[in-house]
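Novice: Provided below for reference: sequence and predicted model.
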Amino acid sequence: MSSSITTEIFDSLPYYDDDLQKFPHLRERVEQELARELNAPQTLHPRVPPPVELFAVSERVQFLFRISVLNLMHVG
């Protein structure tokens, strides 16, 4: 006779972030940090490279593509 025992698996426990109530001095520090972030410059750092265009197609390739399309149109 076999008995199967079913156990529930809890993959997460409820979490309540109440640190601001437990530690009132944190609220002031959080507000200071948020104010500092809002006043930060909105430009990128000078050493950040410019964005790279992935899979860029050169003008020559575009030209050759147009010619091949035109050739296909005249053939068909």
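Specialist: Arrived safely, thanks for sending.
Novice: any idea how far the residue sitting nearest the centre point of the chain lies from residue 63?
Specialist: With distances taken as Cα atoms, centre = their mean, residue 51 lies nearest the centre of the chain, 15.5 Å away. Distance, residue 51 to residue 63, by Cβ to Cβ, to the nearest Å: 25 Å. The way it works is simple: take the backbone N, C-alpha and C, and place the C-beta from them, glycine included.
Novice: got any ranges where the chain has weak pLDDT?
Specialist: The chain contains residues with pLDDT under 70 at 1-4, 10-11, 13, 76.
Novice: The same query, at a cut-off of 80, please.
Specialist: Residues of the chain meeting the criterion pLDDT under 80: 1-16, 40-42, 55-56, 74-76.
Novice: Where is the longest helix in it?
Specialist: helix 59-75 (DSSP state H).
Novice: can you pull the buried residues of it?
Specialist: Neighbour counts over helix 59-75 (16 or more other Cβ atoms under 10 Å) mark no residue as buried.
Novice: That one packs against which elements?
Specialist: Here helix 59-75 touches no other helix or strand, going by 3 or more Cβ pairs under 8 Å, 6 or more residues apart in numbering; DSSP states H and E.
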